[in-house]
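Chemist: This is the structure alone, sequence omitted:
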Ligand code: FAD
Ligand code: NAI
């Protein structure tokens, strides 16, 4: 007899493991199947985010930022260092330890919440009375039956046509997080989020970094004024970014990678690098899921087709996270996972897609929520904008990090905040206040009248709110 569950979650990334925990909290007998293995072959739940995404990339960003601070900025504080060097092997060990802590944390949470965890590949077999039969292929094979199923199988890196990832010289995010020594010349295709974060890591450690981007504009989804400020900072740091390029033949030899490309003016160019990171987006992962066996519908992008509440075309089958439409972000996957678990339990789970924050963890960090100025202009909205530079913020001066600004966009008539855009120190943390404000439909006047601690970077947010009404106090 197959084991019976109220809910089977396929995939143990942020979408899947969080959905499983929430469902178990709500009293559902829940199983979670995840196939990710660590180097020893053991389970490594947490998905892309924990293993080859958010967590390891932030660990390396932190290490490389310390290195850059030690080399370039400590002297300003009167701290002298002789013989500064980077031990890449140690840095990678630390990153792996951080990943392991997260994997183990999730296994502990499964136990604590009584989620039955299965390490292996999950696939649909067939519809059965009262649910779905799902096979688990792992060290031991099993068959489970679930009254409901959530698919949370995530995404994988998109390759350049005809150029497979070998993870030695042509790297996806996976290989990009495991480079064993600082390459002298590093190339990146795509100046999106991964391109900028990974490019920053290896540039800080001493690589000569060139990024080739197809689009003619830099960070097209980001508010233009913020993107311009970021461009200035990144190029000043030494990131070489070429926009409007067309990537041609990529030749991989033992020595390195040679990329033929055409520049924005049509000139033929060649980029010779030791390693090439390809970061041109990600594709939903439905490989071996048995979607066809049960008639689970995909959309034209290969994502699982879902409605606004994450229902698929099959009764009792849901899908969340990177494998469905919407931004490929860990917190979006988590919110969807919680909402679906609550819907299954008869509650009214809800995700507000208008207030999902974005963060790019470069230095300066870039973070935003809501609409950009160009989006407001495009829809003819009447708005007021207020900006405040970190240059005029006491805490930023004390930190020695005054790049960037906070920008608030508010409705001209009602003053409701429509978007908040930040480039600068700790933007990833500062954006939370903006998300809360927007979720509660706050006005810029609300933020302007709230007491913010002094000295703090968050005072820049208050001042940007004051700037909407042209009454900044410190600028
Ligand atoms: P995933 O995390 O991809 O998890 C899916 C899991 O399902 C995996 O463990 C996979 O092995 C498993 N699986 C797949 N198919 C099966 C199957 N048939 N049977 C069993 N198991 C299966 N997002 C942020 O919000 N912040 C960041 O800072 C950030 N940084 C990132 C950095 C990098 C380098 C990358 C690549 C991504 C980053 N992301 C970040 C995006 C984030 O990782 C994803 O949005 C998030 O992981 C999606 O969660 P998910 O649960 O949908 O899928
Ligand atoms: P991306 O979508 O952010 O950027 C891809 C870039 O590659 C785009 O600018 C695109 O124009 C460009 N591009 C596409 N095809 C190209 C080609 N043939 N030649 C040159 N340029 C090309 O995708 P990325 O960086 O791969 O990241 C994938 C996703 O992972 C992100 O969209 C994001 O959802 C998630 N992520 C989130 C992070 C965060 O929240 N901090 C960090 C890293 C990834």
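Modeler: Right, received. Where do you want to start? Quantities reported herein were computed from a predicted structural model and do not represent experimental measurements. Ligands and ions are numbered 1, 2, ... in the order given.

Chemist: these two touch, right, residue 154 and residue 47?
Modeler: Yes. Judged on C-beta atoms under 8 Å, residue 154 makes contact with residue 47 at a distance of 5.3 Å. C-betas here are computed from N, CA, C, even on glycine.

Chemist: Please enumerate the shared neighbours of these two.
Modeler: 11, 13, 15 (C-beta atoms under 8 Å, 6 or more residues apart in numbering).

Chemist: List only those of those residues flagged as buried.
Modeler: Neighbour-count burial (16 or more other C-beta atoms under 10 Å) applied to these gives 11, 13, 15.

Chemist: Okay, the first one and residue 190: tell me how far apart.
Modeler: Distance from residue 11 to residue 190, counting by C-beta to C-beta, to the nearest Å: 25 Å.

Chemist: next one: the last one
Modeler: Distance check for residue 15 against residue 190: by C-beta to C-beta, it reads 24 Å.

Chemist: Repeat that for residue 365.
Modeler: With C-beta to C-beta as the criterion, residue 365 and residue 190 are 19 Å apart.

Chemist: So residue 147 is in contact with residue 318, correct?
Modeler: No. At 11.9 Å, residue 147 does not count as touching residue 318 under the criterion of C-beta under 8 Å.

Chemist: who's more crowded, these two?
Modeler: With neighbours defined as other C-beta atoms under 10 Å, residue 147 and residue 318 compare such that residue 318 has more, 28 against 16.

Chemist: Report how many residues lie close to residue 348.
Modeler: 8.

Chemist: My error: substitute residue 454 in the last question.
Modeler: For residue 454, using other C-beta under 10 Å, the count is 10.

Chemist: distance of it from residue 433?
Modeler: 15 Å.

Chemist: can stretch 44-54 be found next to ligand 1?
Modeler: Yes. On the criterion C-beta under 6 Å from any ligand atom, stretch 44-54 is in touch with ligand 1 at 47, 48, 49, 53, 54.

Chemist: Which ones among the residues you listed map onto helices?
Modeler: 47, 48, 49, 54 (DSSP state H).

Chemist: any chance of those in JSON lines, with pLDDT and neighbour count too?
Modeler: Output for those, formatted as JSON lines (pLDDT from 0 to 100; neighbours: other C-beta atoms under 10 Å):
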{"residue": "47", "pLDDT": "98", "neighbour count": "29"}
{"residue": "48", "pLDDT": "98", "neighbour count": "26"}
{"residue": "49", "pLDDT": "98", "neighbour count": "24"}
{"residue": "54", "pLDDT": "98", "neighbour count": "21"}
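
Chemist: Please identify which of the residues you listed is nearest to ligand 1.
Modeler: residue 47 (2.4 Å; C-beta to the nearest ligand atom).

Chemist: which ones are touching the residue nearest to that closest one when sequence neighbours are not counted?
Modeler: Among residues not flanking residue 47 along the chain, residue 13 sits closest, at 2.1 Å (C-beta to C-beta, 6 or more residues apart in numbering). Shown in contact with residue 13 (C-beta under 8 Å, 6+ apart): 34, 46, 47, 48, 49, 50, 152, 154, 321, 322, 330, 333.

Chemist: quick one: the fourth one and residue 322 touch, right?
Modeler: Yes. The pair residue 48 and residue 322 qualifies as a contact (C-beta under 8 Å) at a distance of 7.3 Å.

Chemist: list residues touching both of these two?
Modeler: With C-beta under 8 Å, 6+ apart, residue 48 and residue 322 have common neighbours 13, 154, 155.

Chemist: so where's the longest helix in the chain?
Modeler: helix 88-113.

Chemist: Is ligand 1 within reach of it?
Modeler: No. For helix 88-113, no contact with ligand 1 is found by C-beta under 6 Å from any ligand atom; the gap never falls below 10.2 Å.

Chemist: anything in the helix or strand just after that helix near ligand 1?
Modeler: Beyond helix 88-113 on the C-terminal side, the first helix or strand identified by DSSP states H and E is strand 116-128. Yes. Strand 116-128 reaches ligand 1 (C-beta under 6 Å from any ligand atom) through 121, 122, 123.

Chemist: Can you verify my assumption that residue 25 contacts residue 113?
Modeler: Yes. Applying C-beta under 8 Å, one finds residue 25 in contact with residue 113, separated by 6.3 Å.

Chemist: quick one, what contacts whichever residue of the stretch 51-200 of the chain sits closest to ligand 1?
Modeler: Closest residue of the stretch 51-200 of the chain to ligand 1, C-beta to the nearest ligand atom: residue 154 (2.0 Å). Each residue near residue 154 by C-beta under 8 Å, 6+ apart is listed here: 11, 13, 15, 47, 48, 284, 285, 321, 322, 323, 333.

Chemist: Columns secondary structure on top of those residues, output as CSV?
Modeler: Output for the contacts of residue 154, formatted as CSV (DSSP: H, G, I helix; E, B strand; the rest coil):
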residue, secondary structure
11, coil
13, coil
15, helix
47, helix
48, helix
284, strand
285, coil
321, helix
322, helix
323, helix
333, helix
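
Chemist: Let me have the residues you listed in a markdown table, extended by distance to residue 463.
Modeler: Shown next, in a markdown table, are the contacts of residue 154 (distance: C-beta to C-beta, whole Å):
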| residue | distance to residue 463 |
| --- | --- |
| 11 | 43 |
| 13 | 38 |
| 15 | 37 |
| 47 | 39 |
| 48 | 38 |
| 284 | 42 |
| 285 | 44 |
| 321 | 37 |
| 322 | 37 |
| 323 | 41 |
| 333 | 34 |
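
Chemist: among those, which are within reach of ligand 2?
Modeler: Near ligand 2, by the rule C-beta under 6 Å from any ligand atom, you find none of the contacts of residue 154.

Chemist: so which of the residues you listed comes closest to residue 228?
Modeler: residue 322 (29.6 Å; C-beta to C-beta).

Chemist: in stretch 387-403, what's buried?
Modeler: Here stretch 387-403 shows 387, 388, 389, 390, 392, 393, 395, 396, 401, 402, 403 as buried, counting by 16+ other C-beta under 10 Å.

Chemist: Spit out the contact partners of the fifth one.
Modeler: Each residue near residue 392 by C-beta under 8 Å, 6+ apart is listed here: 460, 463, 474, 475.

Chemist: hang on, residue 212 packs against residue 259?
Modeler: Yes. Residue 212 is within contact range of residue 259, at 7.0 Å (criterion: C-beta under 8 Å).

Chemist: Tell me where the stretch 301-450 of the chain has helices.
Modeler: For the stretch 301-450 of the chain, the helices defined by DSSP state H, counting those that start in this stretch occupy 330-344, 373-378, 394-399, 427-439, 444-448.

Chemist: what's the nearest residue to residue 10 if we skip its chain neighbours?
Modeler: Nearest non-adjacent residue to residue 10 (C-beta to C-beta, 6+ apart): residue 122, at 4.0 Å.

Chemist: In the sheet, which residues pair with that neighbour? Tell me.
Modeler: For residue 122, the beta-bridge partners under DSSP bridges are residue 136.

Chemist: Now for it, how many residues are close by?
Modeler: Neighbour count for residue 122, taken as other C-beta under 10 Å: 28.

Chemist: so who does it touch?
Modeler: Contacts of residue 122 (C-beta under 8 Å, 6+ apart): 8, 10, 11, 33, 35, 134, 135, 136, 289.

Chemist: Around ligand 1, which positions in this protein sit nearby?
Modeler: So far as C-beta under 6 Å from any ligand atom goes, the chain lies against ligand 1 at 10-16, 33-36, 47-49, 53-54, 57, 121-123, 152-155, 173, 194, 285, 288-289, 321-323, 328-331, 333, 361.
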